[in-house]
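Curious how this folds, go ahead:
(one chain, ligands or ions: 1)
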Amino acid sequence: MSKVKPLSYLAVIEPYLPGDFAVEGVEEIVKLSSNESPLGPSPKAIEALATLQSSLQIYPDSLATELRNTIAEKYSLAPEQIVCEAGSEPIINLLARAYSQIGDEILFSQYGFIAYKIAALSMGATPVAAPEIAYTASVDSLLNCVSERTRILFLANPNNPTGTQLPFSEIERLRDSLREDILLVLDAAYAEYCHGDEYRDGSSLVNTAAGNVVVLHTFSKIYGLAALRVGWAYAPPEIVEVLNNLRGVFTVSAAAQACAVAALHDEAHLLKSRAHNDATRASLSTQLAALGFNVLPSAANFVCVQFTNSVAAAAADLLLRQNGLIPRTLNEYDMPDCLRITVGLTRHCDKVVQLLASTR
Ligand SMILES: Cc1ncc(COP(=O)(O)O)c(C=O)c1O
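Below is the predicted model of the structure:
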(Lines give C-alpha, C1' and ligand atoms only; values in the text may rest on other atoms or scores of the structure.)
Protein backbone atom coordinates (compact mmCIF):
# COMPACT_ATOMS: atom_id res chain seq x y z
CA MET A 1 0.00 0.00 0.00
CA SER A 2 1.37 3.39 -0.97
CA LYS A 3 2.61 5.67 1.79
CA VAL A 4 2.00 8.65 -0.45
CA LYS A 5 -1.29 10.16 0.68
CA PRO A 6 -3.44 12.73 -1.13
CA LEU A 7 -4.98 15.66 0.75
CA SER A 8 -7.57 14.15 3.07
CA TYR A 9 -10.44 16.34 1.79
CA LEU A 10 -10.05 14.88 -1.70
CA ALA A 11 -11.40 11.54 -0.46
CA VAL A 12 -15.02 12.70 -0.76
CA ILE A 13 -14.80 13.51 -4.47
CA GLU A 14 -16.75 11.22 -6.76
CA PRO A 15 -15.46 11.39 -10.32
CA TYR A 16 -17.42 13.20 -13.02
CA LEU A 17 -19.40 10.61 -14.99
CA PRO A 18 -19.23 11.30 -18.70
CA GLY A 19 -22.16 10.19 -20.85
CA ASP A 20 -21.95 6.53 -21.86
CA PHE A 21 -20.79 5.77 -25.40
CA ALA A 22 -21.25 2.00 -25.69
CA VAL A 23 -23.79 -0.69 -24.86
CA GLU A 24 -22.60 -4.26 -24.53
CA GLY A 25 -24.02 -6.43 -27.27
CA VAL A 26 -25.40 -3.50 -29.28
CA GLU A 27 -23.33 -2.69 -32.33
CA GLU A 28 -24.81 0.49 -33.70
CA ILE A 29 -25.30 3.13 -31.08
CA VAL A 30 -26.40 6.74 -31.11
CA LYS A 31 -24.95 8.75 -28.26
CA LEU A 32 -27.58 11.08 -26.81
CA SER A 33 -25.80 11.28 -23.47
CA SER A 34 -23.38 14.23 -23.71
CA ASN A 35 -25.20 17.09 -25.45
CA GLU A 36 -22.98 16.87 -28.50
CA SER A 37 -23.97 18.42 -31.81
CA PRO A 38 -25.73 15.93 -34.11
CA LEU A 39 -24.74 17.99 -37.17
CA GLY A 40 -21.07 17.99 -36.18
CA PRO A 41 -18.71 20.90 -36.75
CA SER A 42 -18.61 23.32 -39.64
CA PRO A 43 -17.06 21.82 -42.80
CA LYS A 44 -14.66 24.78 -42.59
CA ALA A 45 -13.37 23.44 -39.26
CA ILE A 46 -12.79 20.02 -40.80
CA GLU A 47 -10.84 21.65 -43.65
CA ALA A 48 -8.77 23.63 -41.12
CA LEU A 49 -7.86 20.40 -39.34
CA ALA A 50 -6.49 18.92 -42.55
CA THR A 51 -4.12 21.86 -43.09
CA LEU A 52 -2.31 21.13 -39.81
CA GLN A 53 -0.68 17.94 -41.02
CA SER A 54 2.51 19.70 -42.10
CA SER A 55 3.11 21.56 -38.82
CA LEU A 56 2.51 19.05 -36.04
CA GLN A 57 6.02 19.62 -34.64
CA ILE A 58 5.25 23.27 -33.81
CA TYR A 59 3.88 24.30 -30.40
CA PRO A 60 0.54 26.12 -30.53
CA ASP A 61 0.27 29.86 -29.82
CA SER A 62 0.06 29.83 -26.02
CA LEU A 63 -1.99 33.05 -26.08
CA ALA A 64 -4.42 31.75 -28.73
CA THR A 65 -4.15 35.21 -30.30
CA GLU A 66 -6.06 34.59 -33.52
CA LEU A 67 -8.75 32.66 -31.70
CA ARG A 68 -9.22 35.38 -29.08
CA ASN A 69 -9.37 38.03 -31.79
CA THR A 70 -11.94 36.04 -33.75
CA ILE A 71 -14.08 35.43 -30.65
CA ALA A 72 -13.82 39.13 -29.79
CA GLU A 73 -15.00 40.12 -33.24
CA LYS A 74 -17.91 37.68 -33.32
CA TYR A 75 -19.13 38.36 -29.79
CA SER A 76 -18.22 42.12 -29.73
CA LEU A 77 -15.81 41.73 -26.80
CA ALA A 78 -12.32 42.95 -25.91
CA PRO A 79 -9.75 40.28 -26.99
CA GLU A 80 -7.45 41.03 -24.04
CA GLN A 81 -10.23 40.02 -21.67
CA ILE A 82 -10.61 36.55 -23.18
CA VAL A 83 -8.81 33.50 -21.82
CA CYS A 84 -8.88 30.22 -23.76
CA GLU A 85 -8.46 26.81 -22.19
CA ALA A 86 -8.93 23.16 -23.12
CA GLY A 87 -12.69 23.36 -22.56
CA SER A 88 -14.68 25.47 -20.13
CA GLU A 89 -14.57 22.78 -17.45
CA PRO A 90 -10.86 23.44 -16.78
CA ILE A 91 -11.72 27.13 -16.32
CA ILE A 92 -14.30 26.21 -13.67
CA ASN A 93 -11.51 24.40 -11.82
CA LEU A 94 -9.02 27.25 -12.28
CA LEU A 95 -11.52 29.72 -10.84
CA ALA A 96 -12.16 27.48 -7.83
CA ARG A 97 -8.40 27.13 -7.37
CA ALA A 98 -7.82 30.87 -7.57
CA TYR A 99 -10.73 32.10 -5.49
CA SER A 100 -11.51 29.48 -2.84
CA GLN A 101 -9.84 27.43 -0.18
CA ILE A 102 -10.58 25.18 2.79
CA GLY A 103 -13.43 26.59 4.87
CA ASP A 104 -14.91 28.66 2.05
CA GLU A 105 -18.26 27.98 0.42
CA ILE A 106 -19.00 27.65 -3.28
CA LEU A 107 -22.62 28.21 -4.15
CA PHE A 108 -24.69 26.89 -7.06
CA SER A 109 -28.28 25.90 -7.64
CA GLN A 110 -29.71 22.54 -6.58
CA TYR A 111 -29.52 20.87 -9.98
CA GLY A 112 -26.58 22.93 -11.21
CA PHE A 113 -23.86 21.39 -13.40
CA ILE A 114 -21.99 18.84 -11.28
CA ALA A 115 -18.54 20.22 -12.15
CA TYR A 116 -19.18 23.09 -9.70
CA LYS A 117 -19.52 20.69 -6.78
CA ILE A 118 -16.41 18.76 -7.84
CA ALA A 119 -14.44 22.01 -8.19
CA ALA A 120 -15.48 23.05 -4.67
CA LEU A 121 -14.54 19.70 -3.15
CA SER A 122 -11.20 19.68 -4.93
CA MET A 123 -10.28 22.84 -3.02
CA GLY A 124 -11.57 21.59 0.32
CA ALA A 125 -14.33 24.21 0.05
CA THR A 126 -17.92 23.39 0.98
CA PRO A 127 -20.38 23.02 -1.92
CA VAL A 128 -23.70 24.71 -1.13
CA ALA A 129 -26.73 23.90 -3.30
CA ALA A 130 -29.57 26.44 -3.25
CA PRO A 131 -33.04 24.85 -3.63
CA GLU A 132 -34.64 25.26 -7.04
CA ILE A 133 -38.27 25.92 -7.88
CA ALA A 134 -39.70 23.59 -10.52
CA TYR A 135 -36.19 22.53 -11.60
CA THR A 136 -35.27 26.16 -12.24
CA ALA A 137 -32.66 28.19 -10.39
CA SER A 138 -34.14 30.78 -8.06
CA VAL A 139 -32.32 34.05 -7.52
CA ASP A 140 -33.97 34.54 -4.12
CA SER A 141 -32.99 31.07 -3.05
CA LEU A 142 -29.38 31.60 -4.19
CA LEU A 143 -29.22 34.90 -2.32
CA ASN A 144 -30.67 33.25 0.81
CA CYS A 145 -27.83 30.73 0.74
CA VAL A 146 -25.07 33.34 0.62
CA SER A 147 -23.05 33.35 3.82
CA GLU A 148 -19.99 35.13 5.18
CA ARG A 149 -17.95 32.27 3.74
CA THR A 150 -19.32 32.33 0.18
CA ARG A 151 -16.56 33.03 -2.32
CA ILE A 152 -17.95 31.89 -5.70
CA LEU A 153 -21.43 31.48 -7.17
CA PHE A 154 -21.59 29.32 -10.31
CA LEU A 155 -24.73 29.56 -12.43
CA ALA A 156 -25.25 27.84 -15.77
CA ASN A 157 -27.84 29.58 -17.93
CA PRO A 158 -29.40 27.56 -19.50
CA ASN A 159 -28.58 24.92 -16.95
CA ASN A 160 -27.34 21.39 -17.54
CA PRO A 161 -28.97 18.89 -16.83
CA THR A 162 -32.38 20.57 -16.51
CA GLY A 163 -32.23 22.81 -19.61
CA THR A 164 -34.14 25.53 -17.79
CA GLN A 165 -33.24 29.17 -18.22
CA LEU A 166 -33.47 32.43 -16.30
CA PRO A 167 -34.35 35.72 -18.03
CA PHE A 168 -31.50 38.24 -18.10
CA SER A 169 -33.44 40.54 -15.76
CA GLU A 170 -33.07 37.86 -13.07
CA ILE A 171 -29.33 37.53 -13.73
CA GLU A 172 -29.00 41.31 -13.37
CA ARG A 173 -30.96 41.20 -10.12
CA LEU A 174 -28.66 38.46 -8.84
CA ARG A 175 -25.56 40.44 -9.72
CA ASP A 176 -26.95 43.63 -8.19
CA SER A 177 -27.89 41.89 -4.94
CA LEU A 178 -24.72 39.85 -4.56
CA ARG A 179 -21.87 41.00 -2.32
CA GLU A 180 -19.13 42.39 -4.53
CA ASP A 181 -16.43 40.17 -3.03
CA ILE A 182 -18.24 37.08 -4.36
CA LEU A 183 -17.24 35.92 -7.84
CA LEU A 184 -20.29 35.36 -10.04
CA VAL A 185 -19.51 32.84 -12.78
CA LEU A 186 -22.14 32.75 -15.53
CA ASP A 187 -21.67 29.53 -17.45
CA ALA A 188 -23.01 30.10 -20.97
CA ALA A 189 -22.12 26.68 -22.42
CA TYR A 190 -25.48 26.57 -24.25
CA ALA A 191 -25.80 30.32 -24.99
CA GLU A 192 -25.52 29.90 -28.74
CA TYR A 193 -28.75 27.88 -28.76
CA CYS A 194 -30.64 30.78 -27.13
CA HIS A 195 -31.93 33.58 -29.26
CA GLY A 196 -34.99 34.94 -27.52
CA ASP A 197 -35.32 38.56 -26.41
CA GLU A 198 -34.97 37.58 -22.77
CA TYR A 199 -31.58 35.90 -23.13
CA ARG A 200 -28.11 37.46 -22.71
CA ASP A 201 -24.99 35.51 -21.82
CA GLY A 202 -24.01 38.09 -19.16
CA SER A 203 -20.89 39.44 -20.87
CA SER A 204 -22.33 42.97 -20.57
CA LEU A 205 -21.94 42.60 -16.78
CA VAL A 206 -18.21 41.85 -16.91
CA ASN A 207 -16.87 45.38 -17.28
CA THR A 208 -18.73 47.01 -14.43
CA ALA A 209 -17.13 48.62 -11.39
CA ALA A 210 -17.43 45.57 -9.13
CA GLY A 211 -15.36 43.43 -11.50
CA ASN A 212 -16.77 40.21 -10.03
CA VAL A 213 -18.45 38.61 -13.06
CA VAL A 214 -16.93 35.99 -15.38
CA VAL A 215 -18.72 34.43 -18.36
CA LEU A 216 -17.79 31.00 -19.73
CA HIS A 217 -18.35 29.65 -23.25
CA THR A 218 -17.42 26.42 -24.99
CA PHE A 219 -16.82 25.10 -28.49
CA SER A 220 -18.07 21.65 -27.38
CA LYS A 221 -21.76 22.29 -27.98
CA ILE A 222 -23.18 24.19 -30.97
CA TYR A 223 -19.75 24.43 -32.63
CA GLY A 224 -19.43 20.63 -32.54
CA LEU A 225 -15.77 20.55 -31.46
CA ALA A 226 -16.01 18.60 -28.18
CA ALA A 227 -13.24 16.20 -29.20
CA LEU A 228 -10.72 19.01 -29.62
CA ARG A 229 -11.35 20.61 -26.20
CA VAL A 230 -11.63 24.35 -26.32
CA GLY A 231 -13.54 26.83 -24.20
CA TRP A 232 -13.08 30.40 -23.07
CA ALA A 233 -13.74 32.91 -20.32
CA TYR A 234 -14.60 36.59 -20.62
CA ALA A 235 -13.42 38.27 -17.44
CA PRO A 236 -12.31 41.58 -15.90
CA PRO A 237 -8.58 42.32 -16.49
CA GLU A 238 -7.51 41.36 -12.92
CA ILE A 239 -9.17 37.97 -13.23
CA VAL A 240 -7.73 37.45 -16.72
CA GLU A 241 -4.28 37.96 -15.22
CA VAL A 242 -4.93 35.42 -12.48
CA LEU A 243 -6.25 32.85 -14.97
CA ASN A 244 -3.29 33.39 -17.29
CA ASN A 245 -0.86 32.90 -14.42
CA LEU A 246 -2.52 29.65 -13.38
CA ARG A 247 -3.45 27.98 -16.64
CA GLY A 248 -1.30 25.46 -18.49
CA VAL A 249 0.78 27.13 -21.19
CA PHE A 250 -0.04 25.01 -24.24
CA THR A 251 -3.32 23.42 -23.19
CA VAL A 252 -5.27 24.62 -26.23
CA SER A 253 -3.83 22.61 -29.11
CA ALA A 254 -3.08 24.07 -32.53
CA ALA A 255 -5.86 21.88 -33.94
CA ALA A 256 -8.35 23.22 -31.41
CA GLN A 257 -7.39 26.82 -32.14
CA ALA A 258 -7.48 26.46 -35.93
CA CYS A 259 -10.80 24.60 -35.96
CA ALA A 260 -12.42 26.99 -33.49
CA VAL A 261 -11.39 29.99 -35.61
CA ALA A 262 -12.79 28.33 -38.73
CA ALA A 263 -16.01 27.41 -36.90
CA LEU A 264 -16.51 31.02 -35.81
CA HIS A 265 -16.29 32.09 -39.45
CA ASP A 266 -19.15 29.81 -40.45
CA GLU A 267 -22.25 31.67 -39.27
CA ALA A 268 -24.40 29.69 -41.70
CA HIS A 269 -23.48 26.40 -39.99
CA LEU A 270 -24.23 27.87 -36.58
CA LEU A 271 -27.64 29.06 -37.76
CA LYS A 272 -28.35 25.67 -39.35
CA SER A 273 -27.41 23.87 -36.11
CA ARG A 274 -29.57 26.23 -34.06
CA ALA A 275 -32.55 25.88 -36.42
CA HIS A 276 -32.23 22.09 -36.32
CA ASN A 277 -32.13 22.21 -32.53
CA ASP A 278 -35.15 24.52 -32.28
CA ALA A 279 -37.31 22.38 -34.54
CA THR A 280 -36.23 18.96 -33.27
CA ARG A 281 -36.31 19.92 -29.60
CA ALA A 282 -39.83 21.30 -30.06
CA SER A 283 -41.11 18.15 -31.76
CA LEU A 284 -39.35 15.83 -29.28
CA SER A 285 -40.72 17.77 -26.30
CA THR A 286 -44.24 18.02 -27.70
CA GLN A 287 -44.45 14.34 -28.61
CA LEU A 288 -43.08 13.17 -25.25
CA ALA A 289 -45.43 15.51 -23.40
CA ALA A 290 -48.35 14.15 -25.46
CA LEU A 291 -47.40 10.68 -24.20
CA GLY A 292 -47.80 11.98 -20.65
CA PHE A 293 -44.14 12.47 -19.69
CA ASN A 294 -43.13 15.58 -17.80
CA VAL A 295 -40.66 17.29 -20.14
CA LEU A 296 -38.87 20.22 -18.53
CA PRO A 297 -38.89 23.36 -20.70
CA SER A 298 -35.45 23.39 -22.32
CA ALA A 299 -33.50 26.27 -23.82
CA ALA A 300 -30.52 24.03 -24.63
CA ASN A 301 -29.71 21.12 -26.96
CA PHE A 302 -31.22 18.44 -24.75
CA VAL A 303 -34.42 17.69 -22.92
CA CYS A 304 -34.81 16.46 -19.38
CA VAL A 305 -37.66 13.98 -19.12
CA GLN A 306 -39.25 13.12 -15.78
CA PHE A 307 -40.81 9.67 -15.36
CA THR A 308 -43.30 8.60 -12.71
CA ASN A 309 -40.48 7.22 -10.56
CA SER A 310 -36.88 5.99 -10.68
CA VAL A 311 -37.93 2.46 -11.67
CA ALA A 312 -39.76 3.77 -14.73
CA ALA A 313 -36.77 5.95 -15.63
CA ALA A 314 -34.37 3.01 -15.32
CA ALA A 315 -36.67 0.85 -17.48
CA ALA A 316 -36.84 3.56 -20.14
CA ASP A 317 -33.05 3.92 -20.03
CA LEU A 318 -32.65 0.17 -20.56
CA LEU A 319 -35.17 0.07 -23.40
CA LEU A 320 -33.48 2.95 -25.23
CA ARG A 321 -30.02 1.43 -24.74
CA GLN A 322 -31.09 -2.00 -25.96
CA ASN A 323 -32.22 -0.24 -29.10
CA GLY A 324 -28.92 1.59 -29.54
CA LEU A 325 -29.95 5.01 -28.18
CA ILE A 326 -28.00 6.11 -25.10
CA PRO A 327 -29.59 8.75 -22.84
CA ARG A 328 -28.00 10.16 -19.68
CA THR A 329 -29.14 8.95 -16.28
CA LEU A 330 -29.11 11.61 -13.58
CA ASN A 331 -28.62 9.70 -10.33
CA GLU A 332 -25.66 11.80 -9.24
CA TYR A 333 -27.87 14.88 -9.52
CA ASP A 334 -30.36 13.23 -7.19
CA MET A 335 -32.78 13.04 -10.13
CA PRO A 336 -33.13 9.24 -10.49
CA ASP A 337 -36.61 9.64 -11.97
CA CYS A 338 -35.27 11.70 -14.90
CA LEU A 339 -33.32 11.06 -18.10
CA ARG A 340 -31.53 13.71 -20.10
CA ILE A 341 -31.75 13.17 -23.85
CA THR A 342 -29.64 15.12 -26.33
CA VAL A 343 -31.51 16.61 -29.29
CA GLY A 344 -30.02 14.37 -31.97
CA LEU A 345 -30.88 13.90 -35.61
CA THR A 346 -34.62 13.98 -36.29
CA ARG A 347 -34.81 10.27 -37.08
CA HIS A 348 -33.07 9.41 -33.79
CA CYS A 349 -35.41 11.61 -31.78
CA ASP A 350 -38.38 10.03 -33.60
CA LYS A 351 -37.06 6.63 -32.57
CA VAL A 352 -36.81 7.77 -28.95
CA VAL A 353 -40.47 8.85 -29.08
CA GLN A 354 -41.53 5.60 -30.74
CA LEU A 355 -39.76 3.49 -28.10
CA LEU A 356 -41.06 5.48 -25.16
CA ALA A 357 -44.57 5.38 -26.65
CA SER A 358 -44.37 1.59 -26.49
CA THR A 359 -44.09 1.81 -22.69
CA ARG A 360 -47.40 3.69 -22.28
C1 LIG B 1 -23.09 23.87 -18.17
C2 LIG B 1 -21.80 23.32 -18.68
N3 LIG B 1 -20.67 23.97 -18.45
C4 LIG B 1 -19.50 23.53 -18.89
C5 LIG B 1 -19.41 22.35 -19.60
C6 LIG B 1 -18.06 21.88 -20.01
O7 LIG B 1 -17.84 21.95 -21.35
P8 LIG B 1 -16.40 21.77 -21.98
O9 LIG B 1 -15.42 21.49 -20.88
O10 LIG B 1 -16.54 20.66 -22.95
O11 LIG B 1 -16.09 23.09 -22.61
C12 LIG B 1 -20.56 21.61 -19.88
C13 LIG B 1 -20.47 20.34 -20.60
O14 LIG B 1 -21.37 19.56 -20.70
C15 LIG B 1 -21.79 22.11 -19.40
O16 LIG B 1 -22.93 21.44 -19.60
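
quick one: Ser42 from the ligand, how far?
Distance from Ser42 to the ligand, counting by C-beta to the nearest ligand atom, to the nearest Å: 17 Å. For glycine as for every other residue, the C-beta is placed from the backbone atoms N, C-alpha and C.

Is that residue in contact with Glu267, as I believe?
No - using C-beta atoms under 8 Å, Ser42 is not in contact with Glu267; the gap is 9.4 Å.

the more surrounded of the two?
Taking other C-beta atoms under 10 Å, Ser42 and Glu267 do not tie; Ser42 has more neighbours (24 against 10).

dump the residue contacts of the more buried one.
Ser42 makes contact with 223-224, 262-263, 265-266, 269-270, according to C-beta atoms under 8 Å, 6 or more residues apart in numbering.

Please apply the same query to Gln287.
Neighbouring residues of Gln287 by C-beta under 8 Å, 6+ apart: Val353.

Likewise for Ala191?
If you count contacts by C-beta under 8 Å, 6+ apart, then Ala191 has 157, 199, 201, 217 around it.

Dump those residues to TSV, plus pLDDT.
Below are the contacts of Ala191 laid out as TSV (pLDDT from 0 to 100):
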residue	pLDDT
Asn157	98
Tyr199	94
Asp201	97
His217	98
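
Roughly how far does Asp20 sit from Ala268?
Asp20 sits 32 Å away from Ala268, going by C-beta to C-beta, to the nearest Å.

What of Phe21?
According to C-beta to C-beta, Phe21 and Ala268 sit 29 Å apart.

cool, and Gln306?
The gap separating Gln306 from Ala268 is 36 Å, by C-beta to C-beta.

could you say what helices and strands the helix or strand Ile118 falls within packs with?
Secondary structure from DSSP states H and E places Ile118 in helix 115-122. Under the contact definition 3 or more C-beta pairs under 8 Å, 6 or more residues apart in numbering; DSSP states H and E, helix 115-122 sits against helix 89-99, strand 105-109, strand 126-130, strand 150-156.

Turn the ones you listed into JSON lines, including mean pLDDT and distance to Pro60.
As requested, the helices and strands packed on helix 115-122 are exported to JSON lines (pLDDT from 0 to 100; distance: least, C-beta to C-beta, whole Å):
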{"stretch": "helix 89-99", "mean pLDDT": "98", "distance to Pro60": "15"}
{"stretch": "strand 105-109", "mean pLDDT": "98", "distance to Pro60": "31"}
{"stretch": "strand 126-130", "mean pLDDT": "98", "distance to Pro60": "34"}
{"stretch": "strand 150-156", "mean pLDDT": "98", "distance to Pro60": "28"}
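
possible to save these as CSV with mean neighbour count and distance to the ligand?
Shown next, in CSV, are these (neighbours: other C-beta atoms under 10 Å; distance: least, C-beta to the nearest ligand atom, whole Å):
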stretch, mean neighbour count, distance to the ligand
helix 89-99, 21, 3
strand 105-109, 26, 10
strand 126-130, 18, 15
strand 150-156, 25, 4
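
now those in a markdown table, with distance to Ile13?
Output for the helices and strands packed on helix 115-122, formatted as a markdown table (distance: least, C-beta to C-beta, whole Å):
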| stretch | distance to Ile13 |
| --- | --- |
| helix 89-99 | 12 |
| strand 105-109 | 13 |
| strand 126-130 | 11 |
| strand 150-156 | 16 |
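
State the distance from the closest residue to Val261 other than its chain neighbours to the ligand.
Spatially, and ignoring its direct neighbours in sequence, Val261 is nearest to Thr70 (4.9 Å; C-beta to C-beta, 6 or more residues apart in numbering). As for Thr70, its distance to the ligand is 17 Å (criterion: C-beta to the nearest ligand atom).

can you check Arg247 too?
Distance, Arg247 to the ligand, by C-beta to the nearest ligand atom: 14 Å.
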